[in-house]
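Student: Next comes the sequence, and after it the predicted model I'd like to discuss.
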Amino acid sequence: MAEVLAEGFNVFDTTKSPAGTVKYLESPSDVISLIRSGKLGEHILLVRGGTTTFLAPALSMGAIGVITMSGAPESHLGILSREFQTPCVMTAHLSSSESRYVVGDTDDAHFVEIAKALDGRRVRLDCTDHETGRVLADD
Amino acid sequence: MVHPLDDTDYDVLNVVALKKMASAEVVAHDARIDIGTAERALAALADQGLLVLAGGMALPSDAAEPALRSTADTRYARLRTDDEIARLVDRFEPINTQFLTTMSAWQQVEVGGRKVTNDHSDPEYDGKIIDRVDRLVTRLQPLLDALAGFDPRFAGYPERFAAALAQIDAGRVEFVSSPTLDSAHTVWFEFHEDLLRTLGRERAE
């Protein structure tokens, strides 16, 4: 099995296993730029939270996979990913790190570490497990 | 420096920010203005860098949220100190949690301890969920009425909920949760985000 770079909540079981280069999206303009680039389908999208609602246009325009660093499958983004059947791993944490997201008690360093480790990496999502979604190295 | 938006610009930019991507027709409908006014406002807001126009759609720029937040601070200062609103908003939070859970139950059913996609083959199960959606929307009404007393813009939400529920009653169950329609979930989500902005609060994780 490929190296597990990160894992988190699996939003829904699916045999879809999208692969692409991780693209960290920090703001609405990042989403607009990505959509305009015409390369939306080449990327697994990494965002900070399940409340990152600015991701919605990317989902409606064909995003292939999503990773979040916080949030629950019951959140708005979880609901959207199920509606669009876009594989989604939520509140992902790095396999190589002890740092874990805790609601209301997580400093920026946690998010920076994950973004730094995953942004630009070629990965594949494994969302076949009922509970756990995995981000696998695909390079 | 962020300049306060006038009422029309606020309402138009607010719709774009809530929908994340909206045509002039949709903006006009939800902001309850005519299409010409919506188009002029969208063009002016694009000139100010508050939104981006692409392919006939408007998308909020990074500057949209700060501009809306700053204007809302003034526009809703009185509403934010109203005791009745505060009481109703406190009641809203658990209702919102129930709504999110209900949406998940609509999308997925538990079979043998695993959640699987609801294929909508069980009308009894779906009927219970739809009843729950109906009840939750009804419980929202006092807050919507109170908000509409401060800003008639909020009167648009009951109309949109009623339209979505009427479609569901007519058998178009995609109006429960479809993100590409003005479904009950779409209207609820937008209302929640609108409410948070109005109150000057952040969405909780």
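Tutor: All right, it came through fine. Residues are numbered from 1 along each chain as shown, chains lettered A, B, ... in the order given.
Student: Roughly how far does the residue nearest the centre of chain A sit from chain B?
Tutor: Closest to where the C-alpha atoms of chain A average out (CA atoms, centre = their mean) is residue A:67, at 0.7 Å. Computed as CB to the nearest CB, to the nearest Å, the residue A:67 to chain B distance reads 15 Å. Bear in mind the C-beta positions are built from the backbone N, C-alpha and C, glycine included.
Student: What helix or strand is that residue located in?
Tutor: Remark: residue A:67 resides in strand A:66-68, with elements defined by DSSP states H and E.
Student: gap between residue A:95 and chain B?
Tutor: Applying CB to the nearest CB to residue A:95 and chain B gives a distance of 22 Å.
Student: burial of the spatially closest residue to that residue that is not a sequence neighbour, as a residue count?
Tutor: Excluding the flanking residues, the one nearest residue A:95 by CB to CB, 6 or more residues apart in numbering or on different chains is residue A:4, at 5.1 Å. For residue A:4, the neighbour count with other CB atoms under 10 Å in any protein chain shown is 15.
Student: so residue A:4 touches residue A:135, yeah?
Tutor: Yes - contact criterion CB atoms under 8 Å: residue A:4 and residue A:135 qualify, at 7.1 Å.
Student: How is chain B divided into domains?
Tutor: Following the TED database, chain B resolves into domains at B:7-75, B:81-199.
Student: pLDDT averaged over the first one - what is it?
Tutor: What it means is domain B:7-75. For domain B:7-75, mean pLDDT is 96.
Student: hmm, that domain in reach of chain A?
Tutor: Yes - judged by CB under 8 Å from any CB of the partner chain, domain B:7-75 comes into contact with chain A at B:20, B:21, B:52, B:54, B:59, B:60, B:61, B:62, B:64, B:65.
Student: Would you quantify the distance from residue B:85 to residue A:5?
Tutor: 46 Å (CB to CB, to the nearest Å).
Student: Residue B:50 too?
Tutor: For residue B:50, the distance to residue A:5 - CB to CB - is 37 Å.
Student: Same question for residue B:88.
Tutor: For residue B:88, the distance to residue A:5 - CB to CB - is 45 Å.
Student: try residue B:139
Tutor: Distance from residue B:139 to residue A:5, by CB to CB: 43 Å.
Student: what comes up buried for the helix or strand that contains residue A:91?
Tutor: Assigned by DSSP H and E, residue A:91 falls within strand A:88-94. Applying a neighbour-count criterion of 16 or more other CB atoms under 10 Å in any protein chain shown, one finds A:88, A:89, A:90, A:91, A:92, A:93, A:94 buried in strand A:88-94.
Student: Name the strands paired with it and say parallel or antiparallel.
Tutor: Counting by DSSP bridges, the strands paired with strand A:88-94 are strand A:4-10 (antiparallel), strand A:66-68 (parallel).
Student: average pLDDT for the longest one?
Tutor: Right, the one you point to is strand A:4-10. On average, strand A:4-10 scores 98.
Student: can you pull out the strands in the chain?
Tutor: No chain specified, so I'll use chain A. All strands of chain A, identified by DSSP state E, fall at A:4-10, A:19-24, A:43-47, A:66-68, A:88-94, A:122-126, A:132-137.
Student: was after chain B, sorry
Tutor: B:51-54, B:57-60, B:108-111, B:114-117.
Student: and the second one, how far out from the chain's middle?
Tutor: Pointing back at strand B:57-60 there. Its chain's C-alpha centre and that of strand B:57-60 lie 16 Å apart, by CA atoms, centre = their mean, to the nearest Å.
Student: so what secondary structure elements neighbour that strand?
Tutor: helix A:28-37, helix B:7-19, helix B:35-47, strand B:51-54 (3 or more CB pairs under 8 Å, 6 or more residues apart in numbering or on different chains; DSSP states H and E).
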